[in-house]
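*Asks:* Take a look and give me a structure for this.
(2 chains)
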Amino acid sequence: MFELVTILLLLAMLITLYRFLKGPTLADRVIAFDVMNIIGVSLLVLLSLYFQRSLYLDIALIFGLIGFLGTTIFGRYIEKGI
Amino acid sequence: MIYLGYIFVFVGVIAFLISAIGLVRMPDIYTRMHAGTKATTMGMILVILGAICIEPSWAWKLILLAIFILLTNPLSSSVIARASHSDGATLESDELKEVEK
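*Replies:* Coordinates of the predicted model:
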């Protein structure tokens, strides 16, 4: 079960990576980056269920925090420049 | 209870797949943002709900993660929409402007 779900999540990440590489503007890439971040967080939740370790949940929390920070900083960069 | 959790996780992953397909197929930046943020919020909440059903003893950490996602995800979508609007991005088909003409 977990193997099937992980493969489906990696497929979703691959489709998002296509938009990340192709996207015409910077904002498209930032959105694709945000979606890949959230897919990574849910992948970490599934990993913690698979290995039965709750340590991965802390890593997922910190990963989400860093990804949100990156998205916000890129939005500010698009709006005002450095 | 465990099988209910499996069903929740599976539906959440399907929501992630729909979001990724919408991200590729939508025509302009605002609709892409719509596909990329709302559907992933739903998928994340469903995956966390399934994880709570599978492992009830980790419920507090998972609820904290869900609250965090619910707080930050609309915020980042709003930041990107505001930035691309002030950057001058336009809609692919703007029916209001066609009416005004």
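
*Asks:* Now name the helix or strand holding B:Phe8.
*Replies:* helix B:2-25 (DSSP states H and E).

*Asks:* so what does the helix or strand bottoming out on mean pLDDT in chain B touch, helix or strand wise?
*Replies:* Taking mean pLDDT, DSSP states H and E as the measure, the helix or strand of chain B with the lowest value is helix B:95-100, at a mean of 76. The helices and strands touching helix B:95-100, judged by 3 or more Cβ pairs under 8 Å, 6 or more residues apart in numbering or on different chains; DSSP states H and E, number zero. C-beta: built from backbone N, CA, C; applies to glycine.

*Asks:* So for that helix, what gets flagged as buried?
*Replies:* Within helix B:95-100, not a single residue qualifies as buried, counting by 16 or more other Cβ atoms under 10 Å in any protein chain shown.

*Asks:* Using PDB, list the CA coordinates for it.
*Replies:* As requested, the backbone C-alpha atoms of helix B:95-100 are provided in PDB (Å, rounded to 0.1, in the frame of the first residue of the first chain):
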ATOM      1  CA  GLU B  95     -14.400  38.400 -20.000                       C
ATOM      2  CA  LEU B  96     -14.900  41.600 -18.000                       C
ATOM      3  CA  LYS B  97     -12.600  43.500 -20.300                       C
ATOM      4  CA  GLU B  98     -14.400  42.100 -23.400                       C
ATOM      5  CA  VAL B  99     -17.700  43.300 -22.000                       C
ATOM      6  CA  GLU B 100     -16.200  46.800 -21.300                       C
END
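
*Asks:* quick revisit: distance from the next helix-or-strand element following the helix holding B:Phe8 to the middle of the chain?
*Replies:* Going down the chain from helix B:2-25, the next helix or strand is helix B:29-54, by DSSP H and E. In terms of Cα atoms, centre = their mean, to the nearest Å, the gap separating the centre of helix B:29-54 from the centre of its chain is 4 Å.

*Asks:* I'd say A:Met13 and A:Asn37 touch.
*Replies:* No. Counting by Cβ atoms under 8 Å, A:Met13 does not reach A:Asn37; the two are 10.3 Å apart.

*Asks:* Now A:Gly64. Nearest residue, chain neighbours left out?
*Replies:* A:Val41 (4.9 Å; Cβ to Cβ, 6 or more residues apart in numbering or on different chains).
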